[in-house]
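**Student:** Dropping a prediction and its sequence here:
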Amino acid sequence: MSTDLIGKQTENGMNAPSYDRQESDLLGVNERAVAARSSSDELEAFIKDSRNFILKQASAAAGRFITDSDDEWSVALVAFTEALNAYELSKGNFYPFASVVIKRRVVDLMRKDLRRKNEIPTDTGGAEFLDPSEDPSPALSSEVLKSERRLAEEKEAERSRSEEIRDEIEELTRLFSDFGFSFMDLTECSPKAGKTKDSTRLAVRTLLSSPEMMESLKEKKVLPMKELSEKSGVSRKIIDRHRRYVIACALILDGNYPAVAGYIDSMK
């Protein structure tokens with residue numbers, strides 16, 4: 001028997017079947033695939049004869065030339081054996097079926113390597129045996145890499161933003177303690193009704209537009225209620241009820257807290 005299914009001849013002089021050959025040529029491969037499951041000798045011979053096919057599929061998935069010295073070869077070889085174990089004649093021709101399994105496993109490896117480089121935990125879960133028409137081509141492999149790279153960048157940006165918000169909240173909590181409340185108190189004292197929201201927004205804007213009132217607030221740690229009510233036209237009752245909220249918004253927007261300020265930017 002030939003040691004190469006791609007472009008070699010069998011003992012009877014016929015070209016051995018390959019992934020690219022006619023349907024009739026593939027029937028012998030299908031039978032060998034089934035037989036390889038029950039015989040270690042058949043398995044060893046079939047894998048040896050299919051070496052070029054396995055390398056070709058691995059190279060196609062990786063988008064570069066793969067040799068048996070690359071990690072992709074080991075993954076492709078395991079995937080080929082996996083395909084053998086799962087193959088049934090009812091699934092169609094073996095080589096197209098094995099091609100899908102090999103390419104998916106190689107793409108999984110590329111995903112894991114990319115995520116490992118970006119220090120992001122990954123759990124691909126492995127690809128199931130799907131329709132051979134869902135073939136991860138080189139173009140798809142490239143898209144996978146682009147998608148994974150974009151995901152890594154988004155997660156890194158999200159992580160940085162989360163750290164920035166956390167740091168700002170910690171600093172604001174210390175700042176607000178001088179005024180007798182904490183950052184978490186804002187949930188309780190935030191205005192709920194639409195008209196009240198408009199009134200407190202106006203009060204905050206008026207306070208920010210007055211350097212004198214802001215200076216007084218920072219120095220005395222007390223909201224200049226009377227002056228703010230007169231200049232904004234908002235009743236003292238509303239300002240007093242939402243005093244902590246008005247003070248917090250003014251301090252956040254007046255300070256260097258860009259992450260937290262993004263949530264109340266409409267106050268400006």
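**Tutor:** Nice, thanks for sending it over. Numbering: from 1, shown residues only.
**Student:** so where is the stretch 151-268 of the chain shaky, pLDDT-wise?
**Tutor:** Low-confidence segments of the stretch 151-268 of the chain, defined by pLDDT under 70: 151-152, 154-155, 158, 265-268.
**Student:** Could you rerun that using 50?
**Tutor:** By pLDDT under 50, the low-scoring segments of the stretch 151-268 of the chain are 268.
**Student:** Now do the helices for it: every range, in order, please.
**Tutor:** 186-189, 194-208, 211-220, 225-232, 236-241, 243-254, 258-261 (DSSP state H, counting those that start in this stretch).
**Student:** Out of those helices, flag the one nearest Leu55.
**Tutor:** Of all the helices of the stretch 151-268 of the chain, the one in closest proximity to Leu55, counting by CB to CB, is helix 258-261 (50.3 Å). C-beta coordinates here come from the backbone N, C-alpha and C atoms, glycine included.
**Student:** coming back round to it: winner for burial among the helices of the stretch 151-268 of the chain?
**Tutor:** helix 243-254 (a mean of 22; mean count of other CB atoms under 10 Å).
**Student:** picking up where we left off before, which of the helices of the stretch 151-268 of the chain sits closest to Gly180?
**Tutor:** Among these, helix 243-254 sits nearest to Gly180 (CB to CB), with 8.0 Å.
**Student:** contacts for the closest one?
**Tutor:** Here helix 243-254 makes contact (CB atoms under 8 Å, 6 or more residues apart in numbering) with 172, 175-176, 179-181, 183, 185-186, 189-191, 200, 203-204, 207-208, 214, 217, 223, 225, 228, 239, 260-261, 264-265, 267-268.
**Student:** what does stretch 221-237 give?
**Tutor:** Residues contacting stretch 221-237 (CB under 8 Å, 6+ apart): 178-179, 199-200, 202-203, 205-207, 210, 213, 216-217, 239-240, 243, 246-247.
**Student:** let's see it at 10 Å
**Tutor:** 178-180, 196, 198-207, 209-210, 212-217, 238-244, 246-247, 250 (CB atoms under 10 Å, 6 or more residues apart in numbering).
**Student:** now Thr206: how far from Ile264?
**Tutor:** 15 Å (CB to CB, to the nearest Å).
**Student:** Revised request: answer the last question for Leu251.
**Tutor:** Noted for Leu251: a distance of 11 Å to Ile264, by CB to CB.
**Student:** intersection of neighbour lists for those two?
**Tutor:** Going by CB under 10 Å, 6+ apart, residues that sit against Leu251 and also against Ile264 are Tyr257.
**Student:** Indicate which one of the helices of the stretch 151-268 of the chain is closest to Ala76.
**Tutor:** So among the helices of the stretch 151-268 of the chain, helix 258-261 is nearest, using CB to CB, at 45.9 Å.
**Student:** I'd like to know which elements the helix or strand harbouring Val78 is packed against.
**Tutor:** Assessed by DSSP states H and E, Val78 sits inside helix 71-86. Secondary-structure packing of helix 71-86 (3 or more CB pairs under 10 Å, 6 or more residues apart in numbering; DSSP states H and E): helix 23-36, helix 40-49, helix 51-62, helix 94-117.
**Student:** Just the buried positions in it, please.
**Tutor:** 72-73, 75-77, 79-84 (16 or more other CB atoms under 10 Å).
**Student:** Next, format those residues as TSV and append distance to Val29 and pLDDT.
**Tutor:** What follows is the buried residues of helix 71-86, written out as TSV (distance: CB to CB, whole Å; pLDDT from 0 to 100):
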residue	distance to Val29	pLDDT
Glu72	22	87
Trp73	20	88
Val75	22	87
Ala76	17	90
Leu77	17	89
Ala79	17	88
Phe80	12	91
Thr81	15	87
Glu82	17	88
Ala83	12	90
Leu84	11	89
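**Student:** Those residues into TSV, with extra columns for distance to Gly63?
**Tutor:** Below are these laid out as TSV (distance: CB to CB, whole Å):
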residue	distance to Gly63
Glu72	11
Trp73	15
Val75	15
Ala76	14
Leu77	19
Ala79	17
Phe80	19
Thr81	23
Glu82	22
Ala83	21
Leu84	25
